[in-house]
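Trainee: Make a model of this:
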Amino acid sequence: MRCKAVFVAAIGVLALSTCALGQWTEVAAGIGYRQMDLPGPLKVFVVRGDRSQDTWIIDTMTSRGTIRGGRETVPDMVQRYDDSITWDGRRYEIKAAINGEYFNPRTGYSFSGQVMAGWYAKRFTDDGGMSGFFWTTDRRCAIGGDVRNGPKFQRVIFANGAHMNINAFNDQRGKDELALYTSHWDATTGTSDDGVEVLVRMDEPIAVNPPLPGNRGVILKVVQGKGAMPIPFDCVVLSATGTAVPRLLEHARTGSEVHFDMRLQDVGVEGIGLKPAEWRDVWSSLASVQNLLIDGTVSRHWEAKAARLAAEGKPHGSVVKAPRTAIAFNEKSVFFVVIDGRSKESVGMTFTETAEFCKNELQADYAVMQDGGGSSTLWLEGKVRNVPSDLSRDKKRNVLRPVANGYLLARVHPAEFSKVFRAGSNVVAKADIELKLGPGDQYGPAGKMTTGASGQVIQHRLAGVRARGTHWWLIKVQDVEGWAPERSLAVK
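Mentor: Coordinates of the predicted model:
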């Protein structure tokens, strides 16, 4: 039977025959891929994850390994996070990745929130309406709605029962404020010397909506009059300035426990029928750009604004055919979708067309849109599969747009540990080593260990864990602690 495609221009809906979509190619157990060459012309690239198979996971990435700002291409982010480990030592083998949310093109600072490997890494925009797709530890999917997650909802609770609200979270510390920093912010807090900083080693990641009283940690040290404290991967830093200093000094005691109660209240989005989401056990999330598909219904909330602008002779971005990146899902599958545009080979889609594609051709019930245009990139097994519009306009140069963050889909391997050393072992450096703030070369520097220098292996739950092509050990060299690769160490 001959395949047909119909485009209804009056309502901007693209209806495509199933036979035009081709066949799924298996990338790995539970992971499939399709490249679709469709009338229009259109080129669509889709990665599908089978939710019934627990061999893969969805997580987020951030450019240059920091929330603080900067930009990096999707392939470079993949290279940074591939073979990295989670809190419990499980290791990622990244199979696919896409770009993420909007960002400031000058600073690379993303506009809203993020969750990475169970860590709450950045606050979402309060009452922004699009807190985005999220993935949980028990393989649930949902779309977040309007949320409130500012200082009124988030606090640190001290051992004596006192608490302080957290004014800034992985953001610049302001005057008279208490800030909280995780290792996702940067290698150090980047603060000036006019405050107090408290280093806390965590028993578990700081999560969204943890069970009360919150995620537990133990204070390792309190430092006054010196900023820019390094942030090890399993620690956080409380940083106070101005009027917040005496209160932090009053309650923070070395060796005492603290809890972090990081509330996030989701109220849904009533106008489009999006009910409040349950953020329990969220593993990964990025804010979205648009809510496209809600419980099988195309949102269309952009159409009224588009009509108003059209009456003024101003086109709205929702009705322009352009490259798009989206995430869609139903009870069985999750889809990463990238649509090429702005070229003779592929014209792109409008918001409505993208939503209808996810609904009709992928049979998705929910879909959100991420950053599009020249940012739209789909990486799969070692290469970018689509032709981002920046490349299509400049085919003589290998130009990929650097972006702020992205999503990854990865196989997960169990933790592997070496027994070459043990706690208390004296070791010597076989070459100059830059000690790291975590078990992996993607972490920031903790100090140096020169050739022939001696150190001692420190007890840690991840001692000897495999990551980034080698095994890693926490070493103490004089008064400096940091992670060293096993291949650069020898028994003294």
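
Trainee: ranges for the strands of the stretch 1-150 of the chain?
Mentor: 5-8, 13-16, 25-28, 31-38, 42-50, 56-62, 91-99, 114-116, 119-122, 132-136, 141-144, 146-148 (DSSP state E, counting those that start in this stretch).

Trainee: of those, which approaches residue 237 most closely?
Mentor: Nearest of the strands of the stretch 1-150 of the chain to residue 237, taken as C-beta to C-beta: strand 119-122 at 14.0 Å. Any C-beta I mention is one placed from the backbone N, CA and C, and that applies to glycine too.

Trainee: Name every strand pairing with the closest one and say which way it goes.
Mentor: In the sheet, strand 119-122 lines up against strand 114-116 (antiparallel) (DSSP bridges).

Trainee: and the strand it pairs with, which residues are buried?
Mentor: 114-116 (16 or more other C-beta atoms under 10 Å).

Trainee: How about stretch 208-225?
Mentor: Buried, per 16+ other C-beta under 10 Å, within stretch 208-225: 208-210, 214-215, 217-219.

Trainee: which one of the residues you listed is nearest residue 473?
Mentor: Nearest member of those to residue 473, counting by C-beta to C-beta, is residue 218, at 21.7 Å.

Trainee: circling back: could the buried residues of strand 114-116 go into JSON lines alongside distance to residue 168?
Mentor: JSON lines is the format used below for those (distance: C-beta to C-beta, whole Å):
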{"residue": "114", "distance to residue 168": "15"}
{"residue": "115", "distance to residue 168": "18"}
{"residue": "116", "distance to residue 168": "18"}
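
Trainee: got the end-to-end distance for stretch 260-280?
Mentor: Counting by C-alpha to C-alpha, to the nearest Å, you get 15 Å between the two ends of stretch 260-280.

Trainee: what's the answer for stretch 449-463, then?
Mentor: 18 Å.

Trainee: what's residue 260 sitting at in phi/psi?
Mentor: With angles defined as degrees, to the nearest 10, residue 260 sits at phi -110, psi 110.

Trainee: number of nearby residues for it?
Mentor: When neighbours are defined as other C-beta atoms under 10 Å, residue 260 has 27 of them.

Trainee: Residue 70 now?
Mentor: As a burial measure, residue 70 scores 17 neighbours (other C-beta under 10 Å).

Trainee: mind listing the helices for this protein?
Mentor: 74-81, 244-251, 303-311, 351-360, 389-393 (DSSP state H).

Trainee: can I get the strands of the stretch 1-150 of the chain in CSV with distance to residue 411?
Mentor: Converted to CSV, the strands of the stretch 1-150 of the chain look like this (distance: least, C-beta to C-beta, whole Å):
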stretch, distance to residue 411
strand 5-8, 35
strand 13-16, 31
strand 25-28, 6
strand 31-38, 8
strand 42-50, 11
strand 56-62, 5
strand 91-99, 4
strand 114-116, 18
strand 119-122, 21
strand 132-136, 15
strand 141-144, 19
strand 146-148, 31
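
Trainee: from those strands, which stretch is densest packed?
Mentor: strand 119-122 (a mean of 27; mean count of other C-beta atoms under 10 Å).

Trainee: pLDDT of that strand, averaged?
Mentor: Averaged across strand 119-122, the pLDDT comes to 98.

Trainee: so how far is that strand off the chain centroid?
Mentor: 8 Å (C-alpha atoms, centre = their mean, to the nearest Å).

Trainee: Let me know the distance separating the closest residue to residue 54 other than its chain neighbours from residue 295.
Mentor: Of all residues not flanking residue 54 in the chain, residue 139 sits nearest, at 6.8 Å (C-beta to C-beta, 6 or more residues apart in numbering). Taking C-beta to C-beta, to the nearest Å as the measure, residue 139 and residue 295 are separated by 19 Å.

Trainee: Those two: which has the busier surroundings?
Mentor: Just comparing residue 139 and residue 295: by other C-beta under 10 Å the higher neighbour count belongs to residue 139, 17 against 11.

Trainee: hang on, that one packs against residue 50?
Mentor: No: taking contacts as C-beta atoms under 8 Å, residue 139 lies outside contact range of residue 50: 10.5 Å.
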